[in-house]
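S.K.: mind folding the following:
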Amino acid sequence: MQKGITQSGAAPMVGEEQLESPTPPSSPAPAQVDGVGHSSPGRNTPMRVGVPGDVKCGACSGLLRQPWQATACGHLFCEACLLTATGDVKMRQCPLDNEAITRTEVFRDKNCDRRITDLPETNCGNSGCTWYGKMTDYFDEHWQACKYRHISCPHGCGRDDLLARDLAQHYAEDCPLYPQACTLCGQDVQRQHSEQHLASMCTHVTEDCPNGCGMNVARKEKQEHVTRVCRLAMQQCRYDCKFKGTQEELKEHCAASLPDHLDTVWTQNQQQADTISHLEDTTAALELGLRKANSLNESLNRTVTLQQAENDRLKSRLARLESAVAASEKARSAANVEDRLWVVETTSHDGILVFKIENFAKRFEHSRSGSGAECYVDSPVFFTGRRGYRFRLRVYLHGDGAGRGTHVSVFLQLLQGEYDQLQVWPFHGTVTLAVLDQSRSQHHWTETFVPGPRDECFCQPTTGANRCSGVSKLISHRDLHRSGSEYIKADCLFIRAAVVPSRNPFSARIGGIELGLHAGSPNQG
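M.R.: Below you'll find the model as predicted:
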């Protein structure tokens with residue numbers, strides 16, 4: 001087979017247009033060049049072999065590695081270019097046509113893997129290189145390791161026409177920015193600055209002592225030598241006198257001024273002793289203050305502990321009280337609901353009220369001996385209809401007015417109602433009051449009256465209730481206890497009221513028994 005022709009008969013891809021493309025993400029690290037321990041150039045090396053379009057990454061333009069395809073646009077991308085380490089897409093849009101890319105619309109393209117495996121063999125294309133092999137090997141390894149590829153100086157000296165194999169020679173001979181180790185201090189210095197480094201910056205270069213003692217001293221030791229080591233250095237007397245001279249002159253001064261120096265030392269020691277004594281007194285005072293503060297702190301801690309215990313006790317008591325109040329409010333609410341239900345259930349809406357007065361003897365005594373509200377008993381409210389007049393009875397067991405002390409007085413009181421605007425005023429109708437006999441004879445004591453047309457007691461109420469109107473002598477105390485009748489039984493008295501507006505027929509029945517309306521005397525029938 002002729003060199004440079006593949007088995008399929010296609011000519012190798014030599015001399016195609018140079019492509020500036022990034023390093024493929026899956027490419028190995030750049031190889032060393034000619035045994036010199038420096039990495040490949042800082043900028044990307046142009047490939048001499050073009051990447052076929054059907055296996056080129058749409059992001060990095062290099063040979064596809066682990067290719068994925070976006071279904072929206074049909075372009076191919078390396079896995080490292082398209083996906084993150086967690087599997088999400090890096091690019092939200094295709095860089096070639098700006099089509100949207102989502103994770104659910106990309107897939108691993110196995111067919112493209114086969115096309116990459118079937119790529120033909122090729123030569124390098126760099127002048128002077130004899131490499132020949134698979135195109136995948138070229139893109140994976142050779143194109144960055146070829147010694148005949150053109151590179152730029154990694155140190156940025158401006159040379160961009162170098163061959164990779166000549167890089168070591170360039171470093172050794174003419175790169176002005178190549179770092180070299182200083183022969184004295186070992187510091188890396190660019191070749192162009194090596195003379196300046198030795199002239200002014202290297203700390204190991206030796207110089208003559210500026211005091212003129214004749215010694216050569218390294219720059220890093222110069223300051224120490226000039227100020228302390230040099231025999232010609234000017235030094236201050238350490239005994240706080242103003243003398244300054246060389247080491248020899250200082251020795252002569254100390255020998256001649258020994259008495260003065262001793263006085264100076266004694267004075268300094270005395271001052272230090274006074275300072276120490278003052279510091280000891282101050283320390284003792286601070287320790288005393290600290291002990292007092294600690295004692296006060298302990299006392300405050302005990303107080304805080306007791307206060308916290310008291311607070312906890314009060315909180316516990318408050319919680320119990322709140323619980324009791326909540327329970328009481330709940331019980332009161334339930335009682336109010338029950339009372340309202342009882343009122344609704346027991347309120348009469350047909351104009352007839354049977355008022356049961358329990359504890360008759362006790363209430364009679366209160367009526368006899370009391371005053372004000374203790375003299376009477378009010379009945380529950382009753383109505384002449386669902387939207388009718390609103391009344392109640394007020395009973396004086398010991399009597400009132402003309403019946404005081406001799407009769408039971410029963411009065412009717414007209415109250416303000418919710419539907420007063422719909423009523424006819426003043427009230428016109430018949431009012432029948434009865435004391436019920438609880439014996440089998442049923443001799444009820446009744447009284448009937450008709451309110452007058454100008455009776456203010458039956459006009460529309462302007463306040464909560466009108467004045468009472470009724471019968472002050474409904475039944476005498478003597479008749480109440482008459483033999484053969486049982487108006488009072490089991491210490492209970494029943495009083496019946498029947499209020500019939502004039503436009504409605506009067507019908508009054510209690511327990512299926514028709515009640516007669518004979519005023520002033522018991523019914524004999």
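
S.K.: check contacts around the closest residue to S127 other than its chain neighbours.
M.R.: Counting by CB to CB, 6 or more residues apart in numbering, S127 lies nearest to Y148, which is 6.3 Å off, once chain neighbours are set aside. (Each C-beta comes from the backbone N, C-alpha and C, glycine too.) Contact partners of Y148, counting by CB atoms under 8 Å, 6 or more residues apart in numbering, are C124, N126, S127, G128, C129, L163, A164, R165.

S.K.: filter these down to the buried ones, PyMOL style.
M.R.: Selection of the buried residues among these in PyMOL, burial being defined by 16 or more other CB atoms under 10 Å:
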select buried, resi 124+126+129+163+164+165
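
S.K.: mind listing the residues bridging to the residue nearest to I101 when sequence neighbours are not counted?
M.R.: By the measure of CB to CB, 6+ apart, the closest residue to I101 outside its immediate chain neighbours is A70, 5.1 Å from it. When assigned by DSSP bridges, A70 has beta-bridge partners V106.

S.K.: how many residues are close by A70?
M.R.: 24 (other CB atoms under 10 Å).

S.K.: can you check R65 too?
M.R.: 21.

S.K.: and if you look at P120?
M.R.: Counted by other CB under 10 Å, the residues lying close to P120 total 16.

S.K.: then the one 3 residues further on?
M.R.: The tally of other residues near N123 (other CB under 10 Å) stands at 19.

S.K.: where does the closest residue to it other than its chain neighbours fall, phi/psi-wise?
M.R.: Taking CB to CB, 6+ apart, and ignoring the residues beside it in sequence, N123 has Y132 as its nearest neighbour in space, at 4.7 Å. Main-chain torsions, Y132, degrees, to the nearest 10: phi -150, psi 130.

S.K.: mind checking which helix or strand the residue nearest to S127 is in?
M.R.: For Y148, there is no enclosing helix or strand under DSSP states H and E.

S.K.: go on, T430?
M.R.: Element membership of T430 [criterion: DSSP H and E] is strand 429-435.

S.K.: now the helix or strand that comes right after that strand - C-alpha only, PDB.
M.R.: Moving toward the C-terminus from strand 429-435, the next helix or strand (DSSP H and E) is strand 445-449. Backbone C-alpha positions of strand 445-449 (Å, rounded to 0.1, in the frame of the first residue of the first chain) are rendered in PDB as follows:
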ATOM      1  CA  TRP A 445    -110.300  32.000  89.600                       C
ATOM      2  CA  THR A 446    -110.400  34.400  86.600                       C
ATOM      3  CA  GLU A 447    -110.600  38.000  85.800                       C
ATOM      4  CA  THR A 448    -111.000  39.600  82.300                       C
ATOM      5  CA  PHE A 449    -110.600  43.200  81.200                       C
END
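
S.K.: where does I510 land on pLDDT?
M.R.: If you check I510, the pLDDT there is 33.

S.K.: make that Q438, sorry
M.R.: 91.

S.K.: how about H193?
M.R.: 82.

S.K.: quick one: it is in a strand?
M.R.: No: read with DSSP: H, G, I helix; E, B strand; the rest coil, H193 is helix and lies in no strand.

S.K.: distance of it from Y132?
M.R.: 45 Å (CB to CB, to the nearest Å).

S.K.: for G74, same thing?
M.R.: Remark: distance between G74 and Y132 (CB to CB) = 34 Å.

S.K.: same question for P453.
M.R.: Going from P453 to Y132 by CB to CB gives 136 Å.

S.K.: higher neighbour count, the two?
M.R.: Ranked by neighbour count (other CB under 10 Å), P453 and Y132 place Y132 first, with 14 against 9.

S.K.: do a quick rundown of the helices in the stretch 151-300 of the chain.
M.R.: 167-173, 194-196, 222-224, 247-256, 258-346 (DSSP state H, counting those that start in this stretch).

S.K.: mean confidence score for the first one?
M.R.: Confidence over helix 167-173, taken as the mean pLDDT, stands at 84.

S.K.: packing partners of it?
M.R.: Judged by 3 or more CB pairs under 8 Å, 6 or more residues apart in numbering; DSSP states H and E, helix 167-173 has no packing partners among the helices and strands.

S.K.: now do the buried residues in it.
M.R.: L167, A168, H170, Y171.

S.K.: out of the contacts of Y148, who's nearest T462?
M.R.: Taking CB to CB as the measure, T462 lies nearest A164 of those, at 117.4 Å.

S.K.: the closest one touches C146, doesn't it?
M.R.: Yes: counting by CB atoms under 8 Å, A164 does reach C146; the two are 6.7 Å apart.

S.K.: can you count the residues close to S441?
M.R.: Per other CB under 10 Å, the neighbour tally for S441 reads 13.

S.K.: would you mind measuring from it to E486?
M.R.: S441 sits 9 Å away from E486, taking CB to CB as the criterion.

S.K.: what's the answer for Y178, then?
M.R.: From Y178 across to E486, the span is 137 Å (CB to CB).

S.K.: neighbour count: the two, which is higher?
M.R.: Taking neighbours as other CB under 10 Å, Y178 and E486 compare with Y178 leading, 19 against 14.

S.K.: surely the more buried one meets P154?
M.R.: No: using CB under 8 Å, Y178 is not in contact with P154, being 9.5 Å away.

S.K.: just curious, which of the contacts of Y148 is nearest to A85?
M.R.: A164 (32.8 Å).

S.K.: please enumerate the strands of the stretch 51-200 of the chain.
M.R.: Ranges of strands in the stretch 51-200 of the chain, per DSSP state E, counting those that start in this stretch, are 67-70, 76-78, 106-108, 121-123, 132-134, 150-151, 162-163, 179-181, 188-190.

S.K.: any idea which of the ones you listed is most buried?
M.R.: Comparing the strands of the stretch 51-200 of the chain by mean neighbour count (mean count of other CB atoms under 10 Å), strand 76-78 ranks first with a mean of 24.

S.K.: that one: partners in the sheet, and parallel or antiparallel?
M.R.: Strand 76-78 sits in its sheet next to strand 67-70 (antiparallel), going by DSSP bridges.

S.K.: now do the same contact list for the residue lying closest to T117 once chain neighbours are set aside.
M.R.: Ranked by CB to CB, 6+ apart and with sequence neighbours excluded, the top spatial neighbour of T117 is T136, at 7.4 Å. Neighbouring residues of T136 by CB under 8 Å, 6+ apart: L63, I116, T117, L119.

S.K.: go on, D260?
M.R.: Contact analysis of D260 by CB under 8 Å, 6+ apart lists Y239, C241.

S.K.: and it, how far from K242?
M.R.: Here D260 is placed at a distance of 12 Å from K242 (CB to CB).

S.K.: ok, now E310?
M.R.: Here the criterion is CB to CB. By it, E310 lies 73 Å from K242.

S.K.: quick one, which of the two is more surrounded?
M.R.: Higher neighbour count among E310 and K242: E310, with 10 against 6, using other CB under 10 Å.
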